[in-house]
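**Q** no sequence for this one, just the structure:
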């Protein structure tokens, strides 16, 4: 039976040693059957990083051994395994719809943060080959947009080289926009790289979710009719930013004055994953402020897969609309049906924004709540990397495949134009990508 990606033809560049990556990943991320929390699958001794029917499970959100926190950035390994297994692979680059660069920028970041030095050294050596251009023999101005790089980490940690030459037109698969230099993005395609302290435009970008299955029970579609006694909850470190504490304080005071304080639970510190999952599963809405990055945190996907409607607080105050925010799979998921969004700034405006937000949550009609929860049940399986039973979610991989197919079709119409251009095309608001 053909895989869900069989209609895409991939030319895959020479791969890093798969077995070596898996072997070196075990000391950092563990393997099935090990003694670390909740991993009881003794018959399956595969490394946790590998694509699995039932993922390893960690009892902490924080770093340690195994690497509970950094594991969220290893989704690129699953994408690589899925694409090379399910898509049609070709040896002739002239037949390729896309050129897959099988390097793991997200996993390299995780290995670096976790101090997995043997894995880091091996991946770093491979990175030099990629960045030098010695490996990318088919990369040119015409094919750049069809070169796919896997960088399942926050935007500022992807290589600054992506902002140079033909690479700035490549398709970068990443976790969402970010900018450590303070420049504000105004559309979902603009990212920043660390190059001389300046933001660098990446003309093409595809957002994918964080990998959060290690913190959740085996995936099951959320039940939109299940009772949820709490109106709003939050599993948030309020000391991480002043915005978080300010907003939480306003919301708690509003809950008290509205006589619903018993239905609002905002934890002031990070709970254990099991407790956080139960809290989210008991709540209609879940508070998900932005973190160090301006896009998303793993918390956003954690609450979605728990069946909770995310209340996304943009503490960077960019005031972006849904069409300007780098939500994953925007052509398949209507995020306005799922997410309640608000921007915050310290001072008097934060109190006004919090009041408007709380009034909206409190007054949302049961019919709208049911519609949002039903829609979440329909699309939640597209946001998880690991499934207990793949047969229950036969369309895994469809979102990324559809976006790649859309780009392939769009660029096919533009290649003749590009051949006569002396510089890359400029994006307009109606343009879907830069070829």
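**A** Nice, thanks for sending it over. Note that the coordinates shown come from a computational prediction; the quantities given were computed from them, not determined experimentally.

**Q** burial count for residue 370?
**A** 12 (other CB atoms under 10 Å). (Glycine included, C-beta is placed from N, CA and C.)

**Q** elements contacting the helix or strand residue 376 falls within?
**A** With elements taken from DSSP states H and E, the one containing residue 376 is helix 366-379. With contacts taken as 3 or more CB pairs under 8 Å, 6 or more residues apart in numbering; DSSP states H and E, helix 366-379 sits against strand 309-314.

**Q** what are the contacting residues of the strand it packs on?
**A** With CB atoms under 8 Å, 6 or more residues apart in numbering as the test, strand 309-314 has contacts from 232, 243-244, 247, 284-290, 294, 300, 303-304, 320, 338-344, 357, 361, 369, 372-373, 376.

**Q** in helices only, show me those residues.
**A** 243, 244, 247, 300, 303, 304, 357, 361, 369, 372, 373, 376 (DSSP state H).

**Q** which stretches of this structure form strands?
**A** 9-12, 88-89, 98-104, 147-150, 171-174, 204-207, 230-235, 264-267, 283-289, 309-314, 340-343 (DSSP state E).

**Q** in its sheet, which strands sit next to the fourth one, and in what direction?
**A** Under the criterion DSSP bridges, strand 147-150 sits next to strand 98-104 (parallel), strand 171-174 (parallel) in its sheet.

**Q** wait, which of these is closest to residue 130?
**A** Closest to residue 130 of those is strand 98-104 (CB to CB; 5.1 Å).

**Q** could you list the buried residues of that closest one?
**A** Buried positions in strand 98-104, judged by neighbour count with 16 or more other CB atoms under 10 Å: 98, 99, 100, 101, 102, 103, 104.

**Q** can you put those residues in TSV and add pLDDT and distance to residue 329?
**A** Below are the buried residues of strand 98-104 laid out as TSV (pLDDT from 0 to 100; distance: CB to CB, whole Å):
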residue	pLDDT	distance to residue 329
98	94	17
99	95	22
100	94	19
101	92	21
102	87	22
103	84	23
104	89	21
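
**Q** specify which member of those is nearest to residue 262.
**A** Among these, and counting by CB to CB, the member closest to residue 262 is residue 104, at 46.2 Å.

**Q** okay, and the beta partners of the closest one?
**A** residue 150.

**Q** hang on, isn't it packed against residue 80?
**A** Yes: between residue 104 and residue 80 there is a contact at 7.0 Å, judged by CB atoms under 8 Å.

**Q** quick check: neighbours shared by those two?
**A** What both residue 104 and residue 80 touch, as defined by CB under 8 Å, 6+ apart, is the set residue 150.

**Q** check contacts around the most centrally placed residue in the chain.
**A** Residue closest to the average C-alpha location in the chain (CA atoms, centre = their mean): residue 209, at 2.4 Å. For residue 209, the contacting residues are 75, 175, 301, 328, 383, 384, 385, by CB under 8 Å, 6+ apart.

**Q** isn't the second one up against residue 157?
**A** This means residue 175. No: the pair residue 175 and residue 157 fails to qualify as a contact (CB under 8 Å) at a distance of 9.2 Å.

**Q** returning to that earlier point: tilt between the helix holding residue 376 and strand 309-314?
**A** Helix 366-379 and strand 309-314 are oriented at 90 degrees to each other (axes from the mean of the first three to the mean of the last three CA atoms, to 10 degrees).

**Q** which one is residue 224 nearest to, not counting chain neighbours?
**A** Leaving aside its sequence neighbours, residue 224 sits nearest to residue 373 (CB to CB, 6 or more residues apart in numbering; 3.7 Å).

**Q** find me the pLDDT at that neighbour, would you?
**A** Per-residue confidence (pLDDT) for residue 373: 96.

**Q** residue 364 now?
**A** So, for residue 364, pLDDT stands at 96.

**Q** residue 19 too?
**A** 87.

**Q** give me the below-cutoff pLDDT ranges for the stretch 51-200 of the chain.
**A** By pLDDT under 70, the low-scoring segments of the stretch 51-200 of the chain are 52-53, 63-67, 156, 160, 163, 177-200.

**Q** recalculate using a threshold of 50.
**A** 179-197 (pLDDT under 50).

**Q** and the helices in it?
**A** In the stretch 51-200 of the chain, the helices defined using DSSP state H, counting those that start in this stretch lie at 75-86, 105-113, 117-132.

**Q** okay, domains of the protein per the record?
**A** Using automatic domain parsing, the domain ranges for the chain come out as 9-207, 220-383.

**Q** tabulate those (a markdown table), appending distance to residue 407.
**A** A markdown table is the format used below for those (distance: least, CB to CB, whole Å):
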| stretch | distance to residue 407 |
| --- | --- |
| domain 9-207 | 7 |
| domain 220-383 | 10 |
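
**Q** which one of these lies closest to residue 402?
**A** Nearest of the domains of the chain (CB to CB): domain 220-383, 6.0 Å.

**Q** about what we covered before: and the ones in helices among the contacts of strand 309-314, which is closest to residue 128?
**A** Distances from residue 128 to those, taken by CB to CB, are shortest for residue 300, at 33.3 Å.

**Q** if we ignore the residues flanking it in sequence, what's nearest the closest one?
**A** Ranked by CB to CB, 6+ apart and with sequence neighbours excluded, the top spatial neighbour of residue 300 is residue 288, at 4.8 Å.

**Q** list the contacts for the one you found?
**A** 234, 297, 299, 300, 303, 310, 311, 312, 313.

**Q** for it, which residues make a bridge with it?
**A** Applying DSSP bridges, one finds that residue 288 bridges with residue 312.

**Q** find me the pLDDT at it, would you?
**A** pLDDT, residue 288: 92.

**Q** and of the domains of the chain, who's closest to residue 214?
**A** domain 9-207 (5.0 Å).

**Q** endpoints of that closest one, how far apart?
**A** 21 Å (CA to CA, to the nearest Å).

**Q** stretch 58-72 now?
**A** Span of stretch 58-72 from end to end, CA to CA: 11 Å.

**Q** and stretch 148-165, by the same measure?
**A** Span of stretch 148-165 from end to end, CA to CA: 15 Å.

**Q** which parts of that stretch are buried?
**A** Residues 148-159, 161-163 are the ones in stretch 148-165 that count as buried (16+ other CB under 10 Å).
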